[in-house]
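> fold the stuff below for me.
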Amino acid sequence: MLEGAAAVWPLLGAVIAGVAGMGWLALAMDVHWQQVRGQAPSRNAVLRLRGLGVFGLIVALVLCLRTDHASMAALVWVMVLTAGALAVTLTLAWRPHWLRVLAWVA
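Have a look, this model is predicted:
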């Protein structure tokens, strides 16, 4: 377990990984991909985005577990996922072109 200032960087990484993971999972849906890119995604792109989304969420969990004990890390991870989902939702509602940063992988 990390304490003090050393715990900030893994938690920041967990938030970034959680937002990116939720963004990739959202972009794997046809509607959201069309909002961002303007055309339908290929099957290969959808599978790649889903895989990256799951990978991002797992990385966020690992970083949370590295920072704190398991019961607290699970709580923080759920909060990171909630914040990431909210951030992606609001971005898709108001500025979907901002998610082009995540769309480059497909």
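> ok, now which ones touch L81?
Listed by C-beta atoms under 8 Å, 6 or more residues apart in numbering, the contact partners of L81 are 18, 22, 57, 60. Yep, even glycine has a C-beta here, placed from its N, CA and C like the rest.
> apply 7 Å and report the result again.
Shown in contact with L81 (C-beta atoms under 7 Å, 6 or more residues apart in numbering): 18, 57.
> which residue is the nearest non-sequential neighbour of the residue sitting nearest the centre point of the chain?
Taking C-alpha atoms, centre = their mean, the centroid of the chain lies closest to G21, which sits 2.4 Å from it. Spatially, and ignoring its direct neighbours in sequence, G21 is nearest to G56 (2.5 Å; C-beta to C-beta, 6 or more residues apart in numbering).
> quick one: the helices in the chain?
Under the criterion DSSP state H, the chain carries helices at the ranges 8-27, 30-37, 43-67, 70-94, 100-103.
> buried ones in the fourth one?
So that's helix 70-94. 73, 76-77, 80-81, 84-85, 88, 91-92 (16 or more other C-beta atoms under 10 Å).
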